Structures are given as structure tokens and as C-alpha cells.
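Student: Predicted coordinates and the sequence they were generated for:
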Amino acid sequence: MTEGGAIAGSTLTQDDALRRAVRAGVPLEVAVASLTSTPAAALGEEELGTLSVGSSADAVLLDADLTVRAVWADGVPIA
């Protein structure tokens, strides 16, 4: 928008997007990659979007219903 300083956006969270994609028939592995490693690679951010040595230690633990149960930022639990 050119007036008011607002930008276009959404209130859809990543965990909800993941649940919706899986419910629509997208395999879990494909849906997770679509939210993690694929956008990181598109941005050229090799240390993001993966859990590996040297990568950013940000992670989310989901339960079987794909509901967030724990969150880590820089390897430190935050939720």
C-alpha cells in the first residue's frame, strides 16, 4: 500500500500452513521442505532451513497433529 505505511501480509502461521498443506495431500516431507530448506536455498542462505553442524540452531518440535510443542532459537529453548 502506498498510504498508511502498511504492507500486504497474512496472519497464516507456518505451523498452520504446514497442517493445511498436509491435509490437502502434500506429503509431510515435501511440506516441511517447502517451509524450510527450499526458501533458504532460494535466498542463498546455506546455514538456514536445515538441522546440521554449522547451521543456525533454530528448531520447532511438532507433535503428531503438527501442533507446536517447543521452540529453540540459537539452540536455546524459548517456548
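Tutor: Thanks, I have it.
Student: Glu47 versus Pro39, what's the distance?
Tutor: According to Cβ to Cβ, to the nearest Å, Pro39 and Glu47 sit 13 Å apart. All C-beta atoms are positioned from the backbone trio N, CA, C, and that covers glycine.
Student: Sketch out the low-pLDDT regions of this structure for me.
Tutor: Flagging of the chain using pLDDT under 70 yields the residue ranges 1-2, 6-8.
Student: spatially speaking, which residue is in the middle of the chain?
Tutor: Nearest to the geometric centre of the chain sits Leu35, at 4.6 Å (Cα atoms, centre = their mean).
Student: Contacts only, for it.
Tutor: Residues near Leu35 by Cβ atoms under 8 Å, 6 or more residues apart in numbering: 14, 17-18.
Student: can you do 6 Å?
Tutor: 14, 18 (Cβ atoms under 6 Å, 6 or more residues apart in numbering).
Student: So what touches the longest strand along the chain?
Tutor: For the chain, the longest strand by residue count, based on DSSP state E, is strand 68-73. For strand 68-73, contacts defined as Cβ under 6 Å, 6+ apart pick out 15, 58-61, 63, 78-79.
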